[in-house]
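[1] Coordinates for the following, if possible.
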Amino acid sequence: MNTLKTQKVSLGEKIGYSLGDASANLVFQMMMIFQLKFYTDVFGLDGAIAGSVLLIARVVDAFVDPAVGILSDRTNSRWGKYRPWVLWTALPFCVFYVLAFYNPGIEDKGLVALYATISYILLMTLYSFNNTPYSSLGGVMTGDIKERTSITSIRFVAATIAQFVVQGLTLPLVNKFGQGDQQQGWLYTIGLFAAVAFVFLVIAFASSRERITPPPSQKTDIKADIKDTIKSVPWRAMFVLTLFIFITLAMWGSAMSFYFQYAIDQTMLYRFLENIGLADPDNVRTGVWASILGAFNLIAHQESDAYSIGFSLFNMVGAIVQFLGVIFLSEYLANRFGKKQTFIVCLSLTAIFTALFFVPTSVDVEIIFVLCILKSLAYAPTVPLLWAMIGDVADHVEYVHHRRATGFCFSGVVFALKAGLGLGGAFAGLILSAFNYESGNVATQSDMAIDGIRLVSSIVPAILFGIGVVALFFYPITKEYNEHMQAELAKRREYDEIIARQQREMEEYESIHGKQE
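    You can find the predicted model right below:
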C-alpha cells in the first residue's frame with residue numbers, strides 16, 4: 001500500500017472555493033435550461049436559427065479555450081497562476097451575462113439573431129477566461145486523492161444549490177418581476193443572479209490557495225504542453241466523455257422546458273399541483289409557508305400557471321435529490337470503488353432512466369416526477385467526479401512526461417463542456433424545427449412537434465449518455481493506478497523541494513561569500 005503525502009485543505013477554504021462554481025452555475029444552468037427557449041419565445045427566433053447561434057460560438061471557442069489554458073499556465077503573480085483570473089474576470093463576466101439575456105428592442109429578426117450571436121460569444125469567451133482558471137485552481141490546491149475528491153464534492157454541493165435556484169426559481173421570478181412584461185422579468189432576474197455571482201467569485205478568489213506548482217526544472221514549452229496533453233489517453237477519454245455528457249445535459253435540459261409546456265396535459269399538471277398544496281384557485285391560503293411560496297410565485301392560481309410552477313417544481317425536486325446524492329453517495333462510492341467504476345455504473349443507470357421519459361403519456365404526471373427522482377439519484381454521484389478525474393489527468397501528464405500543464409488540460413475539457421452546451425442546444429433546436437415546432441410562445445403545438453419534443457427529452461439524450469459510458473472504458477486511471485501515481489508524484493515533489501532549497505542555500509552562500517571577498 002502506497003503512502004501519499006497529505007495536503008489537507010481547511011473546510012473554510014473548500015467552501016469558499018465552492019462558491020466559484022455556484023457562481024458559474026448561476027450562468028451555466030440558465031444557458032443550459034433556458035437559453036434556447038429564450039431565443040425562440042422571447043427573441044422570437046426560429047428553432048434552427050437559435051440553434052445556429054449556439055453553434056457559431058463554438059468556432060470561436062476552438063481558439064479561445066486553448067489560449068486561455070496556455071495563458072493561465074504561464075501567469076505568474078503573487079496570487080499564483082490561476083487565482084488572479086477568477087478576480088480579474090468576475091465583473092465583465094457578470095456584465096456579459098446580463099447582456100446575453102437583454103432584449104434591446106430590435107424588431108428585425110436578422111439583427112436580433114446577430115445581437116444574440118455577438119452577446120452569446122462574448123459571454124462564452126468570458127466564461128472561458130473565468131472558469132478554465134477556476135477549474136484549474138481545483139487541480140493545484142492539493143495532490144491528496146481524498147482531499148481532491150472532498151473539494152470537488154463540496155464544490156458541487158454549491159453548484160447543485162445554484163442549480164436549484166436557477167432551475168426552480170427563474171420562471172416564477174420572471175413572472176413576478178415582469179408583471180406581464182417578459183422582457184423586464186428576464187432582465188431583472190438575470191441582473192439579480194449576476195450580482196450574486198460577482199460576490200461569490202470575489203469570495204472564491206479570496207478563500208483559495210495554490211499548493212502544487214510545476215517542477216522547478218520545467219521550462220516554458222507550449223508545443224510540449226499541447227503535445228503531451230493531446231497524446232494523453234486519459235485526457236482524450238475525458239474530452240469525449242465531457243463533450244457527450246454536456247451535449248446530453250443541454251439537449252435534455254432545453255427540451256424539458258418545452259416538454260412541460262406542450263407534452264404534458266396542463267389540466268392534469270394543475271391537478272397534481274393542487275394535490276400537493278401548490279395551487280390556490282380562490283387565493284385564500286394564509287400562513288408563513290404560503291407567504292414564502294407566494295413571494296417566489298410558486299403557488300398556481302389558475303391553470304395557465306401550471307407550466308411555470310410545474311416545471312420549476314420538477315427542477316427543484318431533481319436538484320434536491322442530486323444534492324443529497326452528491327453529499328451522501330459520491331465521495332463514499334468513489335473512495336470504495338474508484339472514480340472510474342462509480343462513473344460507469346451511475347452514468348449507465350442515468351441513460352436508462354432518461355430513455356424511460358418516452359414512456360409516460362401526457363396525463364402521467366406522477367410517473368414523470370418519479371423518473372425525475374430516479375434519474376437525479378443515478379446521476380448525482382458522477383457530478384463531482386468529472387472534475388476530480390480531470391485533475392488526475394493533469395497529474396498523469398506530469399507523471400508520464402515530467403511536465404505539468406494543468407491549465408491546458410482543463411481548458412480542453414472546458415472547451416468540450418462549452419461545445420457540448422452549444423451542440424446540445426443546437427441539436428435540440430434543429431430537431432424541434434425539423435418536427436415543425438412553432439416559435440413565439442404559442443398556446444399549442446402540432447402532434448408532430450410534440451413527438452419531436454418527446455424524442456429530444458428521452459431517446460436521443462439516452463443514446464448520447466451511452467456514448468459517454470463507452471468513453472469511460474478507455475480511461476485507464478483506476479483507483480490502484482491513481483494511488484501508485486500520486487505516491488510517485490509526492491516523492492518527486494519532495495525531492496524537487498529539497499533541490500530547490502539547496503539551490504537557494506547555495507545562492508545565499510555565494511552571495512555572502514562574494515560580499516566577504
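[2] List the residues that contact the residue found closest to residue 439 once you drop the neighbours it is linked to in the chain.
    Distances taken as Cβ to Cβ, 6 or more residues apart in numbering put residue 40 closest to residue 439, at 4.2 Å, once the chain neighbours are dropped. In this view, the C-beta of every residue, glycine as well, is placed from N, C-alpha and C. Applying Cβ atoms under 8 Å, 6 or more residues apart in numbering to residue 40 gives the contacts 46, 47, 50, 429, 437, 439, 440, 441.
[3] now swap in residue 285 and tell me
    By Cβ under 8 Å, 6+ apart, the neighbours of residue 285 are residue 299.
[4] Let me know the secondary structure of it.
    Secondary structure state of residue 285, per DSSP: H, G, I helix; E, B strand; the rest coil, is coil.
[5] For stretch 318-338, which outside residues touch it?
    Here stretch 318-338 has contacts from 146, 149-150, 153, 156-157, 160-161, 163-164, 167-168, 342, 346, 372-373, 375-377, 379-385, 388, 478-480, 482, using Cβ under 8 Å, 6+ apart.
[6] Any of these buried? List them.
    Buried subset of these (neighbour count, 16 or more other Cβ atoms under 10 Å): 149-150, 153, 156-157, 160-161, 163-164, 167-168, 342, 346, 372, 375-377, 379-385, 388, 479, 482.
[7] So which of the residues you listed sit within strands?
    Using DSSP state E to define strands, no part of the buried ones among the contacts of stretch 318-338 is located there.
[8] where does the chain dip in pLDDT?
    1-7, 214-221, 513-517 (pLDDT under 70).
[9] Could you verify that residue 443 is part of a strand?
    No - counting by three-state DSSP, residue 443 is not found in a strand; it is coil.
[10] How many neighbouring residues does it have?
    8 (other Cβ atoms under 10 Å).
[11] The one 4 residues further on now?
    Neighbour count of residue 447, defined by other Cβ under 10 Å: 9.
[12] Could you do the one 10 residues further on as well?
    Here the count is done by other Cβ under 10 Å, and residue 457 has 26 residues near it.
[13] do residue 178 as well
    16.
[14] How about residue 65: what's its closest non-neighbour residue?
    residue 415 (3.6 Å).
[15] Distance check, the one you found against residue 48.
    Distance check for residue 415 against residue 48: by Cβ to Cβ, to the nearest Å, it reads 24 Å.
[16] More neighbours: which of these two?
    Between residue 415 and residue 48, counting by other Cβ under 10 Å, residue 415 is the more crowded of the two (24 against 16).
[17] Please name the residues that touch that one.
    Residue 415 makes contact with 61, 62, 65, 66, 128, according to Cβ under 8 Å, 6+ apart.
[18] now do 7 Å
    Contacts for residue 415 were tallied using Cβ atoms under 7 Å, 6 or more residues apart in numbering; they are 61, 62, 65.
[19] I'd like the distance from it to residue 96, if you could.
    18 Å.
[20] Kindly report the same for residue 423.
    Residue 423 sits at a distance of 21 Å from residue 96 (criterion: Cβ to Cβ).
[21] now residue 407
    Counting by Cβ to Cβ, the gap from residue 407 to residue 96 is 22 Å.
[22] go on, residue 140?
    27 Å.
[23] What is the helix ranked longest in the chain packed up against?
    Criterion DSSP state H: the longest helix present in the chain is helix 479-516. Contacts defined by 3 or more Cβ pairs under 7 Å, 6 or more residues apart in numbering; DSSP states H and E place helix 479-516 against helix 145-178, helix 382-401.
[24] now those helices in JSON lines, with distance to residue 133?
    Output for the helices and strands packed on helix 479-516, formatted as JSON lines (distance: least, Cβ to Cβ, whole Å):
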{"stretch": "helix 145-178", "distance to residue 133": "15"}
{"stretch": "helix 382-401", "distance to residue 133": "13"}
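[25] what's the closest of these to residue 132?
    Distance to residue 132, taken as Cβ to Cβ, is lowest for helix 382-401 among the helices and strands packed on helix 479-516, at 11.2 Å.
[26] Report the buried residues of stretch 40-50.
    For stretch 40-50, by 16+ other Cβ under 10 Å, it's 40, 41, 42, 43, 44, 45, 46, 47, 48, 49, 50.
[27] Looking at the residues you listed, point me to the pair that's furthest apart.
    Among those, 42 and 48 lie farthest apart (Cβ to Cβ), at 17.1 Å.
[28] Identify all contacting residues around stretch 446-464.
    244, 247-248, 251-252, 255-256, 258-259, 262-263, 351, 354-355, 357-358, 428, 431-432, 434-438.
[29] again with stretch 429-440
    Outside stretch 429-440, the residues touching it (Cβ under 7 Å, 6+ apart) are 36, 40-41, 44-48, 50-51, 258, 445-446, 448-449, 451-453, 455-456.
[30] End to end on that stretch, go ahead and measure it.
    Separation of the first and last residues of stretch 429-440 by Cα to Cα, to the nearest Å is 13 Å.
[31] Give me the distance between the longest helix of the chain and the centre of its chain.
    When distances are taken as Cα atoms, centre = their mean, to the nearest Å, helix 479-516 is centred 37 Å away from the chain's centroid.
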